[in-house]
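S.K.: no letters, just coordinates:
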């Protein structure tokens, strides 16, 4: 049937009834001849329409007579057609509903979840085959049963019935539309866990509740097994950590004696062969300690117990010191270690300095290890935000063996090196880079590497840090106390290494000096003579000691042999210990150790330009004597060392004696308690693990017995696991030291708890003195000469200004004296100058006379302290 085709098609298209008096003669009829042969003439065509006007079919009524159109009959017939249309529409809907119900039954019957329906009375009205499997009841058995008596455990049936009643009364269903985990009952009586969702629907006969139920017994078994496996893994990890801690303690205890005693041995007079043996022992001990620390760090990382210790620090000093410790190893291999720090790097940031130093040292040590010639370049720069925070970027580039792309990713995994031959040739645990990656990620940073075989490597990391206060450097990178008196100074940098030469030129230029460079002796001499002939001579030349053809010493002699260059000051750039290679007749005014630290570069140039060429110097370095009794006339404070190992007792005692303390010993916690009951001590060094009574329990008992007195107790432990520090502090200890003991760490810890006035060496800041010892002797001599001369002048100026009651001017001079004194470690002078500055800023000079008297005495005490120091001695 096609719309518009024939008489039925016309009725379909028009959706209107048609009356044809005689189909035999009607022009639109396609069946005129057949109808005539059958004796058919009149025809009525009635479209059967659905409820929304959809045409469902066409009724065709024929008569053997010719009949004209009858409107009344047509209306009656059309009403009949409407009823036929409604009937057809209903039958079609019933068929669709039946198909839908059949499909729903098929879905439910084949579902992997049990399907259950109940009515308002709680009787089962729906139960699919999976429900039969899940609960053990057949469909015929379950239908009509109360659900509560069928699948709900007895203990919760009343709650189920109460919930049904509440819903029917209020419409509130707490469990509807949620995924629930409950306990169900099997026909056999066993209970098992199920997961279900419940929905409610309403019909004329009332509410129907439908639930999909899944047996989750297997999932629960898997979860229980996973939980048990996790608990076992945690217990295994705990046991491993305890094992590592115990092994660490057992290794560190004798290692403390090896490293500590070797360090003390190296401070005595030894011949060359003995020193070589002792240094080898010390180096081997440090290597072993590094391996132990790597394993401990990996253990902490795996256990998730590695935490950060955030403090304020200077990233410039940190980088320079970390590289300085590795410079000797680079020099021994003939590798140039160059450090370039951009001026944008802030001077004070907040973060974990120790961990950052660990990462930098690891990357630089690796670069040196895998570089046989050429250079290792350490770069640092920063992008600073308006809020004071900064993104620090560190790069370590080398000209070493390089790494293929496929190996790069493995390098940041534990125990990974390029291949087995790398381990055999270069050594190492393969843990360093993995630890570095974890540390940087723990600090919310990023780390990566780029490399090509034979082309060297570049390792980098980025770290966001917070500002730790105002930057104490001037815009050109100078520290407080570093004046601009060197601005305009003409300096020639002579170094065959282009990278090092460029970095030095840029640094000098940033301080306002006029810097030029030369790649060798011939070019340097030409530039020096051209400048002298032009009337603009160079004032200073920085010469690298190790250059091809003509080294720095030979170039210095050639310079001294030319009268036109007589006013030129000459400084030599040497490796650590390189001064021993220089003869006394080379005409060198000063020395700088590579890699050159920015602060020392400025200070030593300043000292050289202020002093006489080749002068003998005020301070000369000498090895510490065996006696460390401190200043004469002052009773040294007594420290009690509670330690059960005799070797460790000797190490701690010797370090304390060299620091100006007297020592008494206790072999266990009980002896320590007895000693404290008889006398007081400036501090106690308490080993944590001792026989009879350990350090933890001993500390508890000491604190319980104290009455109005608090003796500082500093823990010593060879465990060094996360949580040790907290445990020590929890029992009442004041500080914490990890074995092997380090003289610097011990000094700093005692400095925090023993008042400086109680110590024999309180005039000087030992930490600053330790840093000053890295200066070459003649440069240090000139620096201290300049300091004492300036300090005497400033003291005279202060006396004059106080006499005139000029408080503002006195505050400025006191501030300068405080800064310069702090820079050279004159702690007592710096402290008194600070008091005077504060009073002068307040406009109160009433007590200034007493402070000036103390300053005068302190100046003499400081000079005497330098003379009697175990590290420095003043030339008479």
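M.R.: Good, I have the coordinates. Only a predicted model underlies this, so the values are computations on that prediction, with no experimental measurement involved. Residues are numbered from 1 along each chain as shown.
S.K.: hmm, residue 737 is touching residue 716, no?
M.R.: Yes - under the criterion of C-beta atoms under 8 Å, residue 737 is in contact with residue 716, at a separation of 5.2 Å. In this view, the C-beta of every residue, glycine as well, is placed from N, C-alpha and C.
S.K.: quick check: neighbours shared by those two?
M.R.: Residues within reach of residue 737 and of residue 716 at once, by C-beta atoms under 8 Å, 6 or more residues apart in numbering, are residue 685.
S.K.: which one of these two has more residues nearby?
M.R.: More neighbours surround residue 716 than the other of residue 737 and residue 716, with 25 against 21 (other C-beta atoms under 10 Å).
S.K.: can you pull the contacts of the residue most central in space within the chain?
M.R.: Nearest to the centroid of the C-alpha atoms of the chain, with distances taken as C-alpha atoms, centre = their mean, sits residue 443, at 1.6 Å. With contact taken as C-beta under 8 Å, 6+ apart, residue 443 is in contact with 308, 351-352, 355-356, 463.
S.K.: what's the answer for residue 697, then?
M.R.: Each residue near residue 697 by C-beta under 8 Å, 6+ apart is listed here: 669, 731.
S.K.: that one: which element?
M.R.: With the criterion set as DSSP states H and E, the secondary-structure element containing residue 697 is helix 695-705.
S.K.: helix 695-705 and the next helix or strand after that helix, what's the angle between them?
M.R.: Using DSSP H and E, the helix or strand that directly follows helix 695-705 along the chain is strand 713-717. Taking axes from the mean of the first three to the mean of the last three C-alpha atoms, to 10 degrees, strand 713-717 and helix 695-705 form an angle of 170 degrees between their directions.
S.K.: can you list the strands that strand 713-717 pairs with?
M.R.: Take DSSP bridges as the rule and strand 713-717 pairs in its sheet with strand 683-687 (parallel), strand 735-738 (parallel).
S.K.: check which helices and strands the following helix or strand past the shortest one is in contact with.
M.R.: Beyond strand 735-738 on the C-terminal side, the first helix or strand identified by DSSP H and E is helix 743-753. For helix 743-753, the packing partners by 3 or more C-beta pairs under 8 Å, 6 or more residues apart in numbering; DSSP states H and E come out as helix 646-658, strand 713-717, strand 735-738, helix 766-772.
S.K.: looking at the ones you listed, which one is packed in the most?
M.R.: Mean neighbour count, computed with mean count of other C-beta atoms under 10 Å, is highest for strand 713-717 among the helices and strands packed on helix 743-753, reaching a mean of 24.
S.K.: and it, average pLDDT?
M.R.: Here strand 713-717 scores 91 as its mean pLDDT.
S.K.: same check, this time on stretch 291-308
M.R.: Averaged across stretch 291-308, the pLDDT comes to 70.
S.K.: what's the answer for stretch 681-691, then?
M.R.: Averaging the model's pLDDT scores along stretch 681-691 yields 90.
S.K.: mind listing what's buried along it?
M.R.: Neighbour counts using 16 or more other C-beta atoms under 10 Å place 681-690 of stretch 681-691 among the buried residues.
S.K.: next one: stretch 178-198
M.R.: Within stretch 178-198, the residues that qualify as buried are 184-185, 193-198, counting by 16+ other C-beta under 10 Å.
S.K.: got the contact list for it?
M.R.: In contact with stretch 178-198 (C-beta under 8 Å, 6+ apart) are residues 134-137, 150-154, 156, 173, 175-177, 209-217, 220.
S.K.: what does stretch 485-494 give?
M.R.: Everything outside stretch 485-494 that qualifies as a contact, by C-beta under 8 Å, 6+ apart, is 501, 504-505, 508, 511-521, 524, 527-528, 531, 536-544, 547, 552, 555, 602, 605-606, 609.
S.K.: filter these down to the buried ones.
M.R.: In the contacts of stretch 485-494, burial by neighbour count holds for 501, 504-505, 508, 511, 513, 515-521, 524, 527-528, 531, 537-544, 547, 552, 555, 602, 605-606, 609, counting by 16+ other C-beta under 10 Å.
S.K.: so where's the stretch 151-300 of the chain uncertain?
M.R.: For the stretch 151-300 of the chain, residues meeting the criterion pLDDT under 70 lie at 241, 245-246, 248-249, 299-300.
S.K.: on that earlier part again, which one of the strands paired with strand 713-717 lies closest to residue 73?
M.R.: Taking C-beta to C-beta as the criterion, strand 735-738 is the member of the strands paired with strand 713-717 that comes nearest to residue 73, at 113.6 Å.
S.K.: that closest one - what's its average pLDDT?
M.R.: Over the span of strand 735-738, the pLDDT mean works out to 86.
S.K.: helix or strand next in line after the least confident helix or strand in the chain by mean pLDDT, which one?
M.R.: In the chain, the helix or strand scored least confidently by mean pLDDT, DSSP states H and E is strand 619-621, which has a mean of 27. Elements were assigned by DSSP H and E; along the chain past strand 619-621, the next helix or strand is strand 638-642.
S.K.: for that next one, packing partners?
M.R.: On a contact count with 3+ C-beta pairs under 8 Å, 6+ apart, strand 638-642 meets helix 646-658, strand 662-666, helix 669-678, strand 683-687.
S.K.: just to revisit the earlier point, nearest to residue 706 among the buried residues of stretch 178-198?
M.R.: Nearest to residue 706 among the buried residues of stretch 178-198: residue 193, at 58.1 Å, using C-beta to C-beta.
S.K.: domain parsing of this structure, as residue ranges.
M.R.: When the chain is parsed into structural domains using automatic domain parsing, the resulting residue ranges are 6-106, 111-215, 311-467, 490-615, 771-874.
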